[in-house]
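Engineer: coords please:
(chains A and B)
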Amino acid sequence: MSKARKTPFYEKHLALDGKIVDYHEWLLPVQYPKGLVEEVRDTRKRATLFDVSHMGEIMVEGKDAELYMQKLVTNDITGMKDGAVIYSPVCYPDGGVVDDILIYRINSESYFLVVNAANTDKDYAWFKDNLSGAVKLNNRSPDYAQLALQGPNSEAILQPLTAEPLSKMNYYQFSKDVAVAGVNCLVSRTGYTGEDGFEIYCFNNDAPNLFDGLWESGKKHDLNPAGLGARDVLRLEAAMPLYGHELSNEITPLNAGLDRFVALGKDVPFNGQEALKQQKQNGLKHRLYGLEMLERGMPREGYPVQAAGSEIGWVSSGSFSPTLDKFIAMALLDPQVADSIKEVEIMIRNRPYRAQFTKLPFYRRKK
Amino acid sequence: MKYKVIEGLRYTKKHEWARQEGGVAIVGLCDYAQDKLGEIVFVELPDVGAVVEAGKSVAVVESVKAVADLYSPLSGTVTEINEVLLDQPETINQDPYGEGWVYKVEMADEAELGNLMDKAAYEEFIIKEEEE
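Structural biologist: Predicted coordinates for the structure are as follows:
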């Protein structure tokens, strides 16, 4: 645990008896005493608070920022309004994925990018390699703390702490320089759980005050803390990809079924454009599918998937789903086989367990 | 002691327990192990009649985050399995030394019980493991 860093909420996790683990060199709670399963249920029914300060933040600024972003990412960012957020993969020229990120448009000359913790340094180096025009990059990751407030009670918890009219903030919108519990924050209506909720960024020094404010307000609305374990299950239920599982330098956004975040027809050439066009034309060797177990058994990442005794792919993420009370998995499978069958076998400790195809996402919240 | 340890049981370094009842021993997972694993969502049990060897994997216990083998504390033949665990694996979390027992084994050699730790020795072992 030598290199692992603490977030500004570390003492809060200890006070709440969080079970601390080393996650990509960050000391973060994997769960609290209520346990992962209850934390998932709390998020779906009430509200939970996650420390996601490990996420990286990179500022892109300058006259040519919009064009630079348009060339960097696969999604089309030209239609974005100020105060909008979009999700996008970032590809290498061969179509492999550098990272998947959130892009916050402050204005056409200023973007705030949120990247995966483990990829922050790699991303920053890649973004620099691709610099063109009047653009300045700034890795602000060391300065920012972030909390994710997730679940149906989120707005009721956050609203009393701020003058910002949250009911007017739609999904994937944000406001910056918002005072929350007296702390200057950037607040977006986003999350990685499939629930309504907010992600709130502030400077490290202010982080404990932000936490205390939310915690106090949350007392009236059944707010509980939740850890990385619940976060991973929640995102799987919502079929949100996780870098290293559904995306990697070998798994393209098209493999992961993220076609709607890849604007192949953009008029500006972007990294990966030609390779992804080719891949689409040639047909995919693997595509992402949803599976649910027909027999009790825990599907885990890397387990082989078979059809009639032949291997057709592997599990990219799998878990018990507390929300559905089922064992579920996302798997990267050969579409030529997968599209013509209803069931597969997942190999668990060299024994086949039956699973059937199911639509993604496994869980969708009622609006 | 944060973890429950019971007088009269025998314990392994892999955190299994055994309770002798005549020539048969009841085997389960210790409180320490279930706490480390978190909510158990799946248990793979041995077949009745299976011949098991002390120190060898005989069952698999899984939480969302982890897979753990259960190593048999004793050699012998499995006479009964706790089928409740197939549908309610969380019983191990709720009552690791009681309703959450895993299987019963007819001991091939009762002297093997002597290789296992008693309550005091096991408690000392946990404390050391926690310090690491």
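
Engineer: which residues of chain A fall in helices?
Structural biologist: Using DSSP state H, the helices of chain A run over A:10-15, A:36-45, A:65-72, A:120-129, A:154-158, A:207-218, A:228-237, A:273-282, A:335-338.

Engineer: What is the neighbour count of the residue in chain B that chain A sits nearest to?
Structural biologist: Closest approach of chain B to chain A (Cβ to the nearest Cβ) occurs at residue B:41, with a separation of 4.1 Å. All C-beta spots, glycine's among them, are computed from the backbone N, C-alpha and C. For residue B:41, the count of nearby residues is 22 (other Cβ atoms under 10 Å in any protein chain shown).

Engineer: Correct me if wrong: it contacts residue B:88.
Structural biologist: No. Using Cβ atoms under 8 Å, residue B:41 and residue B:88 do not qualify as a contacting pair, with a distance of 10.4 Å.

Engineer: which bits of chain A sit near chain B?
Structural biologist: In this structure, chain A approaches chain B at residues A:30-31, A:35-37, A:229, A:233, A:296-298, A:300, A:319-320, A:327, A:349, judged by Cβ under 8 Å from any Cβ of the partner chain.

Engineer: which ones among those are found in strands?
Structural biologist: A:30-31, A:319-320, A:327 (DSSP state E).

Engineer: could I get those residues as JSON lines with pLDDT and neighbour count?
Structural biologist: Rendered in JSON lines, the data for those read as follows (pLDDT from 0 to 100; neighbours: other Cβ atoms under 10 Å in any protein chain shown):
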{"residue": "A:30", "pLDDT": "96", "neighbour count": "19"}
{"residue": "A:31", "pLDDT": "96", "neighbour count": "24"}
{"residue": "A:319", "pLDDT": "97", "neighbour count": "26"}
{"residue": "A:320", "pLDDT": "96", "neighbour count": "25"}
{"residue": "A:327", "pLDDT": "97", "neighbour count": "23"}
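
Engineer: any idea which of those is closest to residue A:64?
Structural biologist: Nearest to residue A:64 out of those is residue A:30 (Cβ to Cβ; 42.0 Å).

Engineer: Which residues lie in contact with residue 81 in this structure?
Structural biologist: By default, I'm working from chain A. If you count contacts by Cβ atoms under 8 Å, 6 or more residues apart in numbering or on different chains, residue A:81 has them with residue A:105.

Engineer: ah, I was thinking of chain B
Structural biologist: Shown in contact with residue B:81 (Cβ under 8 Å, 6+ apart): B:45-48, B:102-104.

Engineer: I'd like to know which elements the longest helix seen in chain B is packed against.
Structural biologist: Taking DSSP H as the assignment, the helix of chain B that covers the most residues is helix B:119-131. With contacts defined as 3 or more Cβ pairs under 8 Å, 6 or more residues apart in numbering or on different chains; DSSP states H and E, the packing partners of helix B:119-131 are strand B:10-11.

Engineer: And the contacts of the strand it packs on?
Structural biologist: When contacts are taken as Cβ under 8 Å, 6+ apart, the neighbours of strand B:10-11 outside the stretch itself are B:5, B:17-20, B:30, B:73, B:113, B:116-119, B:121-122, B:125.

Engineer: Now restrict those to buried residues only.
Structural biologist: Among those, those classed as buried by 16 or more other Cβ atoms under 10 Å in any protein chain shown are B:5, B:17-19, B:30, B:73, B:116-117, B:122, B:125.

Engineer: of those, closest to residue A:286?
Structural biologist: Each of the buried ones among the contacts of strand B:10-11 was scored against residue A:286 by Cβ to Cβ, and residue B:30 proved nearest at 41.9 Å.

Engineer: How about the closest one, nearest residue that isn't a chain neighbour?
Structural biologist: Residue nearest to residue B:30 in three dimensions, not counting chain neighbours: residue B:15, with 4.3 Å by Cβ to Cβ, 6 or more residues apart in numbering or on different chains.

Engineer: cool, residue B:117 as well?
Structural biologist: Counting by Cβ to Cβ, 6+ apart, the nearest residue to residue B:117 once its immediate chain neighbours are dropped is residue B:11, at 4.4 Å.

Engineer: tally of neighbours for residue A:147?
Structural biologist: Residue crowding around residue A:147 was assessed by other Cβ under 10 Å; the count is 23.

Engineer: Would you confirm that it contacts residue A:48?
Structural biologist: No. The pair residue A:147 and residue A:48 fails to qualify as a contact (Cβ under 8 Å) at a distance of 10.5 Å.

Engineer: on that earlier part again, my read: the residue nearest to residue B:30 touches residue B:33, true?
Structural biologist: Yes. The pair residue B:15 / residue B:33 is scored as a contact, 3.8 Å apart, by Cβ under 8 Å.

Engineer: The two - which one has more neighbours?
Structural biologist: Of the pair residue B:15 and residue B:33, residue B:15 is the one with more neighbours under other Cβ under 10 Å, namely 24 against 21.

Engineer: can you pull the contacts of the more buried one?
Structural biologist: When contacts are taken as Cβ under 8 Å, 6+ apart, residue B:15 is in contact with B:29-30, B:32-33, B:36.

Engineer: Low-confidence regions, the chain specifically.
Structural biologist: Here I'm looking at chain A. In the prediction, chain A carries residues with pLDDT under 70 at positions A:1-2.

Engineer: if we go to 80?
Structural biologist: Along chain A, the parts satisfying pLDDT under 80 run over A:1-2, A:367.

Engineer: quick one on the thing from earlier: ok, the nearest residue to the residue of chain B closest to chain A once chain neighbours are set aside to residue A:352 distance?
Structural biologist: Ranked by Cβ to Cβ, 6+ apart and with sequence neighbours excluded, the top spatial neighbour of residue B:41 is residue A:320, at 4.1 Å. Using Cβ to Cβ, to the nearest Å, residue A:320 is found at 19 Å from residue A:352.
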